[in-house]
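J.: Could you look at this predicted model? Sequence included:
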Amino acid sequence: MLLSRISAATIVAAGLAIPAFAQVMIDKPECVAPANPGGGFDLTCRIAQTGLEPHIADPVQVTFMPGGIGAVAFNLFNTTRTDDGSAIVAFSTGSLLNIVTGKYGEFTEKDVRWLATAGADFGAVVVRADSKYESLSQLMDDFSADPGSVVLGAGGSVGSQDWMKGALLLKAAGASPMDMRYVAFDGGGDAIAALLGGSIEIYTGDVGEMVPHLESGQMRILAVLSPERLDGAFAEFPTAKEEGYDVEWTILRGFYMGGDVSDEDYQKWVDAFQAAYATEEFAAVQKERGLLPLDMAGAELQASIEQRVQNLREIAKEAGLIQ
Amino acid sequence: METVLSGLATGFGVALDPFNLFLVLVGCFAGTLIGALPGLGPINGVAILLPIAYSLGFGPESALILLAGIYYGAEYGGRISSILLNVPGDAGAVMTTLDGNPMARSGNAGRALSLSAVASFVGGTFAVILLSLFAPILAAFAVTFSPADYVALMVFAFASLASLVGKSTVKTLLGALIGLMLATIGIDANTGIPRYTFGVPDILAGIDFLIVVVGLFGMAELLTLVEQQVSGQLKSLPVDKSFVRWADLARTKWTIARSSMIGFFIGILPGTGASVASAVAYGTEKRISDTEGTFGTGDVRGLAAPEAANNAAAGGAMVPMLTLGIPGSGTTAILLGALLMFNIQPGPMMFSQRPEVAWGLIASMYIGNVALLVINLPLVGLFARMLTIPQKYLTPMIAILAFIGIYTIVGNPFDLLMITGLGVFGWFLRKMDFSLAPVILGFVLGALFENNLRRALSISGGDWWILVGNYKSIVLYLLAILVVALPIYLGRRARRMEGDAVSAEDAHRP
């Protein structure tokens, strides 16, 4: 691997300035955020931009390609830019869910090359500070007794990740996701405003976005939907699993490339990410952006994505999203 | 009050630092240019410059001051191309075209530009003053606005805009309907089902507001210009040296005051922004003061209202962001992201933990508004001269700028086809004597109305009584009735008094 990196660097660098120590040479590296600026995909690309800075000779440019909740970019990299070795595209578990439910059209998870992760975030069940719900089990009891008595809301549409979190909770309580009273807002900010204003009782958000709100004490996290208890500021919150409900929602954030990208170009990016994962600085960048480390690149990620898509397909079927 | 004053003192201490002062000026100037370019608005300006500000290694307060300068600079700049070219520079400047452009056409471009700069200044400053005095209370009130209250607010907006009904009621209604139809395109949030997308992934998330504005307004205007040029009907405009007069200011002072108020309050509501604020302010003003029917033909009040409102809304949107950590608009969402990048947690704790950032930003808004007025007034003459550029150079130049602007935001060639297609469609609508403003308003308000109505009904489980279940909704419905009924009543009374006067005269005749 070291050899291939050196040889690749020498070929590209022939006639140019000698690259700095252990930096990967990628021509005009670009990270495509398939959304408007300011959202989760923007954040994912910023992690590549700052996190890879010491490991790639040229700075990574962030570009935006909004449209169709990421479908525009997914289709573009499956039709015209299939062999673009300079560009990586941000994705999240939400993109995988869209692939599963067919929102991305004819292309599937097998048509692109999954490159590396930026980190992970987890679902969270959030209530207002003065809510009558003190624990997840109280909420789950209400779900079992009368699912229509609780109003949930979040920033995503019906069938999105935010809705799925709610649907999984209802299912774990023995109720049908179809009976859920779910209100779809236009982004997490509006949904949090509705929670604080009392329009909705439960907000099915993410752990990362709660960081700025924890200290102010306006909201409480009833449970975190992670496989294991988190550490740091989130160590005090129980997981749904600890409370006896098998509900888990991991939001994987990462990058993919076109399906026809050469192994050589793909490996350069993998090397850059592997080098970054080994440093403390990258972990600091993840933490700064509210993500938790979940580092996978290359073949490891490829296998993990296939497994995840398979799981999502089953969950979507159970929730009645697909046949 | 004391905490406000000491906070402001800290803030001005930060903002008057020579380097920060320089950044406010740079931000305001760059923002004005960004806003003036059709297609590029505050959201994109801030988003493009955020990584630059971050990588230059500024302190958090300096970076935020620069970005905020760009934000309100762009709200100022949006009016320039609206007035001069009839092409809205950004989403909040659509209503500015209605009276601003007729003024420029009649040789008053300088007057329109300078008056709107003053209106923007007053609106912006009004918002900053309320923000520094009452931000926490206002934010607490804004979040209690439930989806049902938004429905009532939209009903009020529709009621005040019913006055836009132009020459033909049917065509206005059809225009609004076209806007509503365009708004339904994309994935429906409440069911997750794509509507009217015909399998085209590029419109799965709906059509962006800017694309509709630049296409329907900008491209259609260009096609009209080309058509007039080909048929030789185009008049060249003389060099325009007009400037705002005291009489204009006296005439618009209450308009500006009312519109600043409306703009600020709509701005603090999360979910509505400068475009809704300027539309409601214009509609209300036309309802209240357009007794001679001069709105839409170059009335100074019709120009001042949306400009005061959209700048006040930009300040209002800062309220929930600073005090609750909830963005009130797309641009403040990016500013929020910027704060997080610097490891500052916005929200109630920010004022106690990082007072220099919170108050420094607020103080820079005072300075920025003054700076914008100072930058903008002397440039009025220069901008107004743009109209003397021969049309054969100007038209392709605007087309190029609009295409670059749209491509920069999205980087998707499909959107260039979209603005071209919408432009041709808009040109046909204009040929058939449709006014384009109802289309845009149907598009903006319709989407908000539908989404909030369905949110309200999912909260209540299908019970329609939720719509009138709260004093805020009821007050808004009453205001809606008032705004429709009052002009009719006043009109009748005026006619009756005229009639009385006539019959009295008759009685005197032998």
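T.: That came in fine, so what should we check first?

J.: Quick one, grab the pLDDT at whichever residue of the stretch 1-150 of chain B sits closest to chain A.
T.: Ranked by C-beta to the nearest C-beta, the top residue of the stretch 1-150 of chain B for proximity to chain A is residue B:47, at 3.3 Å. All C-beta spots, glycine's among them, are computed from the backbone N, C-alpha and C. pLDDT, residue B:47: 75.

J.: Residue B:235 too?
T.: At residue B:235, pLDDT is 63.

J.: try residue A:218
T.: For residue A:218, pLDDT reads 86.

J.: And it, how far from residue A:276?
T.: Using C-beta to C-beta, to the nearest Å, residue A:218 is found at 35 Å from residue A:276.

J.: where in the stretch 201-350 of chain B is pLDDT low?
T.: The stretch 201-350 of chain B contains residues with pLDDT under 70 at B:233-240, B:328, B:348.

J.: mind redoing it with 90?
T.: B:201-222, B:224-252, B:267-276, B:279-280, B:283-299, B:314-315, B:317-350 (pLDDT under 90).

J.: Kindly report the same for the stretch 1-150 of chain A.
T.: A:1-28, A:33-43, A:46, A:50, A:53-83, A:94, A:98, A:101-110, A:148.

J.: Which residue ranges of it form helices?
T.: Along the stretch 1-150 of chain A, counting by DSSP state H, counting those that start in this stretch, helices occupy A:2-13, A:40-51, A:71-79, A:93-100, A:136-145.

J.: and what of the stretch 151-300 of chain B?
T.: Going by DSSP H, counting those that start in this stretch, the stretch 151-300 of chain B shows helices at B:169-184, B:209-212, B:220-230, B:246-268, B:274-289, B:300-316.

J.: Excluding residues flanking it in the chain, which one is nearest residue A:211?
T.: Spatially, and ignoring its direct neighbours in sequence, residue A:211 is nearest to residue A:290 (5.1 Å; C-beta to C-beta, 6 or more residues apart in numbering or on different chains).

J.: that older thread, who's more crowded, residue A:218 and residue A:276?
T.: residue A:276 (24 against 18; other C-beta atoms under 10 Å in any protein chain shown).

J.: dump the residue contacts of that one.
T.: A:51-52, A:54-55, A:282 (C-beta atoms under 8 Å, 6 or more residues apart in numbering or on different chains).

J.: what comes up buried for the helix or strand harbouring it?
T.: In the assignment (DSSP states H and E), residue A:276 maps to helix A:263-277. Buried residues in helix A:263-277, defined by neighbour count with 16 or more other C-beta atoms under 10 Å in any protein chain shown: A:265-277.

J.: show me where the chain has strands.
T.: Since no chain was named, I'll use chain A. For chain A, applying DSSP state E gives strands covering A:30-33, A:61-64, A:87-92, A:113-128, A:151-154, A:181-184, A:202-206, A:219-225, A:250-257.

J.: right idea, wrong chain: chain B
T.: B:186-187, B:194-195.

J.: weakest of the ones you listed by average pLDDT?
T.: Across the strands of chain B, the lowest-scoring stretch is strand B:186-187, with a mean of 81.

J.: elements contacting it?
T.: Contact partners of strand B:186-187 among helices and strands, from 3 or more C-beta pairs under 8 Å, 6 or more residues apart in numbering or on different chains; DSSP states H and E: strand B:194-195.

J.: which other helices and strands contact the strand it packs on?
T.: So strand B:194-195, by 3+ C-beta pairs under 8 Å, 6+ apart, packs with strand B:186-187.

J.: if you set the cut-off to 6 Å instead, what comes out?
T.: Under the contact criterion of 3 or more C-beta pairs under 6 Å, 6 or more residues apart in numbering or on different chains; DSSP states H and E, strand B:194-195 touches no helix or strand at all.

J.: what does chain B have sitting close to chain A?
T.: Proximity of chain B to chain A (C-beta under 6 Å from any C-beta of the partner chain) is limited to residues B:47, B:143-144, B:146, B:187, B:189-192, B:201-202, B:204-205, B:270-271, B:325-327, B:333-334, B:337, B:345-349, B:410-412, B:455, B:458-459.

J.: Which among those residues count as buried?
T.: In these, the ones that pass as buried (16+ other C-beta under 10 Å) are B:47, B:143, B:146, B:187, B:189-190, B:192, B:201-202, B:204-205, B:270-271, B:325-327, B:333-334, B:337, B:345-349, B:410-412, B:455, B:458-459.

J.: give me the number of residues near whichever residue of the stretch 201-323 of chain A sits closest to chain B?
T.: Chain B sits closest to residue A:212 of the stretch 201-323 of chain A, with a gap of 4.0 Å, by C-beta to the nearest C-beta. By other C-beta under 10 Å, 21 other residues sit near residue A:212.

J.: just residue B:214 next, same as before
T.: Applying other C-beta under 10 Å, I find that residue B:214 has 30 neighbouring residues.

J.: now do residue A:178
T.: 10.

J.: And it, how far from chain B?
T.: 12 Å (C-beta to the nearest C-beta, to the nearest Å).

J.: Where is the longest helix in chain B?
T.: Using DSSP state H to define each element, chain B has its longest helix at helix B:471-508.

J.: my bad, should have said chain A
T.: Under DSSP H, chain A gives helix A:299-318 as its longest helix.

J.: circling back to that earlier point, give me phi/psi at the residue lying closest to the residue of the stretch 201-323 of chain A closest to chain B once chain neighbours are set aside?
T.: Spatial nearest neighbour of residue A:212, excluding adjacent residues (C-beta to C-beta, 6+ apart): residue B:345 at 4.0 Å. Backbone geometry at residue B:345, expressed as degrees, to the nearest 10, gives phi -90, psi 110.

J.: I am assuming residue A:191 contacts residue A:152, so please confirm or correct that.
T.: No - between residue A:191 and residue A:152 there is no contact under C-beta atoms under 6 Å: 9.8 Å.

J.: now the strands of chain B in CSV, with distance to residue A:112?
T.: Supplementary listing: the strands of chain B in CSV, determined by distance: least, C-beta to C-beta, whole Å:
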stretch, distance to residue A:112
strand B:186-187, 22
strand B:194-195, 22
